[in-house]
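Asker: predicted model and sequence below, questions to follow.
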Amino acid sequence: MAQEKKIFGDLVKDVADRNLCVSCGTCVAVCPVNVIELEEGLPRLVGDCIECGLCYANCPRTNFSVDEMDEAIHGRTRKESEQLTGIYSAVYAARTRREDIREKAQDGGVVTSLLSQFIEDGGDAVIVAGLEEDKIWAPSPLIAKDKENVIESAGTKYTSSPTLVGVKKAVKEEKLGNIAVVGTACQMRGLSRLTQGKSRNKRFTDSVGLRVGLFCMETFNYGDFMDYLESNGVDLGKVTKFEIKSGRFYAYEGDEVAHRARLKKVKALVRPCCHRCDDFTSEFADVSVGNVGSPGGWSTVIVRTERGEKAIMSAAESGLIELAPIDDFDVGETLVHRLAKMKKDNALDK
Ligand SMILES: Cc1cc2nc3c(=O)[nH]c(=O)nc-3n(C[C@H](O)[C@H](O)[C@H](O)COP(=O)(O)OP(=O)(O)OC[C@H]3O[C@@H](n4cnc5c(N)ncnc54)[C@H](O)[C@@H]3O)c2cc1C
Ligand code: SF4
Ligand code: SF4
Ligand code: SF4
């Protein structure tokens, strides 16, 4: 018997109403009649639904099959040694050689370097997390077309950016044919469905030239995060950077620490959808980048696909980044593996 097609109402019931929506915007991007918008981070119908089922089929939170996506991207399923981290071809410690990128970047500046190189190599634009003009520290997708805009958007925002809404704008509205996208693991899952899944959309498949995934343990609820900072006397207008390292959360004003707290204290700010997420390393990106597993000022880089390898090598060959091998990754006992396991175990518990 044919399976009943699930449509927008089912998306609301199965994802949004169950606190599983990650606010990625994949449903917004894929809807062929453009009748989905995100309101307060949740999908809302703003026109007549033609009941095609594409929003449900492409959402990263509905029946996402790891094996199916591994097969679609790599032509094979993962080996035992790749269960926690996803399929990869090489792992490096890396950092930028450019001072202007280092100054703005969160860690090793590898992501900004890769994205700058993508534009240098002829890419039309990169979709990064910029900031809304009239809402302090609220991330918003930005279609960056030059290196200055890419560098300006460097640094980690610990609340969610609806990245796929930016992808939709770039591909459907601006008709850009070669873009790179940076995002968290959940956003990479939406993007991989949209470009390589069973119900993919050819326009997006053809236009997305590089997926750069970030390691991600959690994001905070925007309103709760802002309230928390204000109630702890942090002047939001003066904050230049947020950071989580070695079990603590930091807010900086330039070189000064404006606020510091044990991670336990800010755990209550974490969005409910993140408690059910089992992907730490952005397993479905072309290349994934995080800070754990490498010394301070360096990034850990997991190369997964041929285009990921090409992007890394292009940035290295042009002198933008330096690379050092991480030899013990295959053994499976690095901090990256430990945190990836913890995230998978915690998600199963919920
Ligand atoms: C919410 C979040 C949680 C993270 N948690 C961890 C963690 O637990 N462990 C770990 O090792 N690494 C984590 N990271 C990754 C880490 O913070 C750095 O992004 C990564 O090490 C790359 O550093 P970089 O200097 O190369 O990046 P940069 O050169 O500074 O570039 C970072 C890029 O990420 C984009 N970006 C920033 N915030 C967001 C966002 N919210 N959504 C989409 N894109 C965004 C920026 O626009 C920029 O292009 C997290 C990142 C995010 C966004
Ligand atoms: S038209 Fe298709 S993609 Fe758009 S809301 Fe309806 S079911 Fe979802
Ligand atoms: S596609 Fe993304 S924004 Fe849309 S319902 Fe699913 S998780 Fe939420
Ligand atoms: S923890 Fe998972 S669901 Fe939450 S922002 Fe990170 S990748 Fe997305």
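Answerer: That came through, no problem. Ligands and ions are numbered 1, 2, ... in the order given.
Asker: T205: what's it in contact with?
Answerer: T195, Q196 (C-beta atoms under 8 Å, 6 or more residues apart in numbering). (Glycine included, C-beta is placed from N, CA and C.)
Asker: and it, which of the three is it?
Answerer: Per DSSP: H, G, I helix; E, B strand; the rest coil, the local secondary structure of T205 is helix.
Asker: surely D67 is within a strand?
Answerer: No: assessed with three-state DSSP, D67 is helix; it does not lie in a strand.
Asker: how many neighbouring residues does it have?
Answerer: A total of 10 residues lie near D67 under the criterion other C-beta atoms under 10 Å.
Asker: next one, pLDDT for it please.
Answerer: Per-residue confidence (pLDDT) for D67: 98.
Asker: again with the one 10 residues further on
Answerer: In this model, T77 is scored at 98, pLDDT.
Asker: also the one 10 residues further on?
Answerer: pLDDT, I87: 98.
Asker: from C24, how far out is S207?
Answerer: 17 Å (C-beta to C-beta, to the nearest Å).
Asker: between those two, who's got more neighbours?
Answerer: C24 (30 against 20).
Asker: for the nearest residue to that one once chain neighbours are set aside, give me its contacts.
Answerer: Spatial nearest neighbour of C24, excluding adjacent residues (C-beta to C-beta, 6 or more residues apart in numbering): G190 at 4.4 Å. Shown in contact with G190 (C-beta under 8 Å, 6+ apart): V22, C24, G25, T26, N58, C59, P60, L164.
Asker: what subset of those is also close to ligand 3?
Answerer: V22, C24, G25, T26, C59, P60 (C-beta under 6 Å from any ligand atom).
Asker: now, of those, which are buried?
Answerer: V22, C24, G25, T26, C59, P60 (16 or more other C-beta atoms under 10 Å).
Asker: would you confirm that the first one contacts A185?
Answerer: No: in terms of C-beta atoms under 8 Å, V22 does not count as a neighbour of A185; the distance is 9.3 Å.
Asker: find residues that contact each of those two.
Answerer: C277.
Asker: now for the residue in the stretch 201-350 of the chain that ligand 3 sits nearest to, how many residues are close by?
Answerer: Residue nearest to ligand 3 within the stretch 201-350 of the chain (C-beta to the nearest ligand atom): C273, separated by 7.6 Å. By other C-beta under 10 Å, 23 other residues sit near C273.
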